[in-house]
Structure formats: C-alpha cells, structure tokens
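> How does the following fold in three dimensions:
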Amino acid sequence: MATARKPRADAQRNRDAILAAARETFEAEGVLAPLDGIALRAGVGNATLYRNFPTRDDLLAAVIADSIAKALSEADELSRTLTPRAALAEWLVLLTWRLRIWHDLPYCLATALRDVESPMRTTSDPLLERTDSLLDAARAADALATPVTASEVYELVLALSWAVDRFDDDAAAARKRVVMATAGIFTRP
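Now for the predicted structure:
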C-alpha cells in the first residue's frame, strides 16, 4: 500500500497562502471575485493557484470546509440538547446564517446541487444529510405539518440565505425571516 507523500514545505506554504487569500477575498468581494486577484494577493502565479485548485468550486470547497465542519458539529449538539422540532428549527436558522457569510455563496451551492461532478458537493452533501436526519427525527416526533424532503428544505435555506445576504440582515432579522418562511413545515408547538 502506497502512503501519501507529505507536500514540500514551499508547496504547503503556497497552498496555505492561496486559502488565506481566497478567504480574505471572498469576505471582501464575494465568491465570484476574480481568481487572478486571489493569486496576486497570495503572492503566487495563476499556474500555482490552478495546480492546487483547478476550479473556483475546488477552491471554494477547500476554503469553506472548516465552516461546514463546525455547522455539522453544531447540528449534532442541537440534536442532543433540543426536541426534534426545536433542533430542526434552530438548524434552519443556523444554516441560513452560516451560508450567507460570503456574497453569492448560496448561488454557488445551489448550482452544485444540479451538478453531481461539482467539487462543492463535498460541502452540500453533508449539509443535506444532516438536514435529512433532523427531518427524520422531527417526522418521528410528529412535528412536521407537511411532507417535505431534505432537498426541498435545503433549497429553501439557500434561498433564505441569499435573501439574508442581499437584504443585509443582522442575526435577529435573519432569524425572523427564517421562522416566517419555514413556519409551514412545522405542526403547531
């Protein structure tokens, strides 16, 4: 069995610089910012950027990986500490808020849903799976008013996240938007 070689120190520095530059650029300009500017900010050539991240989605998936891991961990905590209905409701708020972090991120994630080859699937698939498990628990607790799939709920979250970004909602306004938009999913408390 072959073992993976550790990247050379300079190659790892370049990769780390690209990820840091991408994070800064995405925060300042959104995820559709020119990749050439990211390479320039990282102090590497375009060829180095594309060798590490062949597409924008490859780069975006790598940059957002930590945030997604935190969201999944938060979903686990919600499942352990809240009723199934409350856990799902809070997950929808949390996910909407988390996915609005960079301008146009919801658009990229929505596009990835339709593309089974997209590198962003490593981001969206775990979120869909967690949404599905929370829906299953809420369904088992008779907390859902209507049959709904994880994909439908995730698409709604992406649309809400886009709105939260576009309307520049603060956390309270985002929560209100999500609660209003998802009320029809749940039975009365």
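> where along the protein do the helices fall?
Assigned by DSSP state H, the chain shows helices spanning 9-29, 35-42, 46-52, 56-81, 84-99, 105-113, 121-140, 150-166, 171-182.
> which one of the ones you listed lies closest to Arg188?
helix 84-99 (10.2 Å; CB to CB). The way it works is simple: take the backbone N, C-alpha and C, and place the C-beta from them, glycine included.
> Tell me which other helices or strands that closest one touches.
In terms of contacts (3 or more CB pairs under 8 Å, 6 or more residues apart in numbering; DSSP states H and E), helix 84-99 is packed against helix 56-81, helix 105-113, helix 121-140, helix 150-166, helix 171-182.
> Tabulate the helices of the chain in JSON lines, adding columns for distance to Arg188 and mean neighbour count.
Shown next, in JSON lines, are those (distance: least, CB to CB, whole Å; neighbours: other CB atoms under 10 Å):
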{"stretch": "helix 9-29", "distance to Arg188": "40", "mean neighbour count": "16"}
{"stretch": "helix 35-42", "distance to Arg188": "48", "mean neighbour count": "18"}
{"stretch": "helix 46-52", "distance to Arg188": "51", "mean neighbour count": "15"}
{"stretch": "helix 56-81", "distance to Arg188": "21", "mean neighbour count": "17"}
{"stretch": "helix 84-99", "distance to Arg188": "10", "mean neighbour count": "22"}
{"stretch": "helix 105-113", "distance to Arg188": "29", "mean neighbour count": "20"}
{"stretch": "helix 121-140", "distance to Arg188": "14", "mean neighbour count": "18"}
{"stretch": "helix 150-166", "distance to Arg188": "19", "mean neighbour count": "19"}
{"stretch": "helix 171-182", "distance to Arg188": "14", "mean neighbour count": "15"}
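> TSV for those, including distance to Pro189?
Below are the helices of the chain laid out as TSV (distance: least, CB to CB, whole Å):
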stretch	distance to Pro189
helix 9-29	37
helix 35-42	46
helix 46-52	49
helix 56-81	16
helix 84-99	7
helix 105-113	28
helix 121-140	12
helix 150-166	18
helix 171-182	12
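> circling back: out of the helices and strands packed on helix 84-99, flag the one nearest Asp36.
Closest to Asp36 of the helices and strands packed on helix 84-99 is helix 56-81 (CB to CB; 11.6 Å).
> tell me which strands and helices the closest one is in contact with?
With contacts taken as 3+ CB pairs under 8 Å, 6+ apart, helix 56-81 sits against helix 9-29, helix 35-42, helix 84-99, helix 105-113, helix 121-140.
> quick one: contacts of stretch 30-43?
14, 17-18, 20-22, 24-26, 29, 45-46, 48-50, 56, 59-60, 102-105, 107-108 (CB atoms under 8 Å, 6 or more residues apart in numbering).
> In TSV, list the helices and strands packed on helix 84-99 along with distance to Ala87.
Putting those into TSV (distance: least, CB to CB, whole Å) gives the following:
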stretch	distance to Ala87
helix 56-81	4
helix 105-113	22
helix 121-140	6
helix 150-166	13
helix 171-182	13
